[in-house]
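> Have a look at this prediction, sequence included:
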Amino acid sequence: MNKTKLCFTAVICSFENAGREKRLQQVIANLQRQRDITLQIVLVWKGFDRRQVPFFDGVTVIGVPFCGSSEARNIGASRASGDIICFLDDDTFPVGDDFFVRAANELDLRKLDFLTCNISSSGAVMAGQGVSADVKLVDAGLIGNMWEPGLVVRREAFAKVGFDPTLGISCVHGSSEGLDYGCRLVQAGFRGQRVAALLIDHPPLDLSDGRAEDRTFFYSLGNGSVLVQHRMYAVYFRQIAKAGGKLLLATATFDRTSLKLAFIRLMCLMLGPMLPRQSARILPRTGSGAFVGMVQVDDVAATEGTASSDVASPRAEAES
């Protein structure tokens, strides 16, 4: 008798004019080479111009207006048919053609409900810190280890705990959605671990052309808000002290770039918990006929297996 193949859903989020088209093709090709599983690939594509919604053989493409990264992940997961969901960015992919088989084995052997992966990357600014040993995702272990690319979660767990749509890229609080999600999974009684042997390929970060300032601003707002929300006060005040120390050092050495980044980091860590959180708001582009608004899950337009030609109407994403 043939053993029933594991059924996975890979959820990828991308957006119009991301400049990652070739990398996205590589990500999808890598996923389609995964062996010994049944794999559903869901691509949530965010954009204004419905003519740019991409088509990929064997991929379910959901076209939506611009929304936050957490909202997009929730939309993609709502269409999952697999028993296990894996979340990926449009520039990340699993290392090895047996990644999903090994991930499922880890979940079963360790009696886990979710897991995160190690990082394979190079460059001046890596997207995350690697680990040399497995880390239990609970309490302090969540800090720096609960990140979204390569997150693997059982569908029944995700049905009870989804991403907070007020956190992540395109939101004012532009980070820490992974930390928040991990905290809430643990609070709901689910068990997780970061597995050092499971690798996700992630390119280095591009912090050119003012991106370092933008990233520091939005990420620090998210960091501060989530740390205070989940009463991780020791970590929160340690981050404030660290930013303050960098500010003093940059002042003493007349390092204007570091001074600016440290000041942004310090101010936004303190402001983050005070600012009300909300779903992503997008300003219209000149002459595009675009909108200002928020997208909800029931605004989705999609077809199974191919991209939709209609984009849904609006209704008005650094760990510490």
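That came in fine, so what should we check first?
> In stretch 139-157, which residues are buried?
141-155, 157 (16 or more other Cβ atoms under 10 Å). Yep, even glycine has a C-beta here, placed from its N, CA and C like the rest.
> what do you get for stretch 54-64?
Across stretch 54-64, burial judged by 16+ other Cβ under 10 Å covers Pro54, Phe56, Val59, Thr60, Val61, Ile62, Gly63, Val64.
> Taking those together, which two end up most distant?
Phe56 and Val64 (16.6 Å; Cβ to Cβ).
> returning to what we had before: lowest-confidence entry in the buried residues of stretch 54-64?
Within the set of the buried residues of stretch 54-64, pLDDT is lowest for Pro54 (84).
> follow-up on the earlier one: show me the buried residues of stretch 54-64 that map onto strands.
Counting by DSSP state E, the buried residues of stretch 54-64 place Val59, Thr60, Val61, Ile62, Gly63, Val64 in strands.
> which one of those residues sits closest to Arg33?
Relative to Arg33, the closest of those is Val59; by Cβ to Cβ it sits at 14.0 Å.
> So that closest one versus Leu24, what's the distance?
10 Å (Cβ to Cβ, to the nearest Å).
> and what of Gly150?
Counting by Cβ to Cβ - Gly150 and Leu24 are separated by 16 Å.
> Just the ones in strands from the buried residues of stretch 139-157, please.
Reading strands off these with DSSP E, I get Leu151, Val152, Val153, Arg154.
> Tell me the one among those residues nearest to Ala196.
Distances from Ala196 to those, taken by Cβ to Cβ, are shortest for Val152, at 14.2 Å.
> May I have the secondary structure class of Leu43?
Secondary structure for Leu43, judged by DSSP: H, G, I helix; E, B strand; the rest coil, is strand.
> could you say which helix or strand contains Ile119?
With elements taken from DSSP states H and E, the one containing Ile119 is strand 114-120.
> now that strand: how far from the chain's centre is it?
Put simply, strand 114-120 sits 12 Å off its chain's centre (Cα atoms, centre = their mean, to the nearest Å).
> Can you spell out which helices and strands pack onto that strand?
With contacts defined as 3 or more Cβ pairs under 8 Å, 6 or more residues apart in numbering; DSSP states H and E, strand 114-120 has these neighbours: helix 99-109, strand 151-154, helix 177-187, strand 192-201.
> Which strands border the helix or strand that that strand is followed by, and is each parallel or antiparallel?
As assigned by DSSP H and E, the chain's next helix or strand after strand 114-120 is strand 135-136. When pairing is defined by DSSP bridges, strand 135-136 lines up against strand 192-201 (antiparallel).
> Contacts for the partner strand next, please.
Strand 192-201 is contacted from outside by 88, 92-96, 99, 102-103, 106, 110, 112-121, 131-138, 141, 145-146, 149-150, 182, 185-186, using Cβ atoms under 8 Å, 6 or more residues apart in numbering.
> what's near enough to touch the residue nearest to Glu21 when sequence neighbours are not counted?
Excluding its sequence neighbours, the residue lying closest to Glu21 (Cβ to Cβ, 6 or more residues apart in numbering) is Pro54, at 7.7 Å. Counting by Cβ under 8 Å, 6+ apart, Pro54 makes contact with Glu21, Leu24, Leu43, Trp45, Val61, Ala307.
> Output the lowest mean pLDDT helix or strand found in the protein.
Here the helix or strand of the chain ranked lowest by mean pLDDT, DSSP states H and E is strand 301-302, holding a mean of 32.
> one step back: check the ones in strands among the buried residues of stretch 139-157 against His202 and report the nearest one.
His202 has its nearest neighbour among these in Leu151, at 12.7 Å by Cβ to Cβ.
> Please report how far that closest one lies from Thr116.
6 Å.
> now do His173
His173 is 21 Å from Thr116, by Cβ to Cβ.
> Phe48 too?
Using Cβ to Cβ, which is the criterion applied here, Phe48 is 32 Å from Thr116.
> Between these two, which is the more surrounded one?
Thr116 (28 against 18; other Cβ atoms under 10 Å).
> Brilliant, that's me finished.
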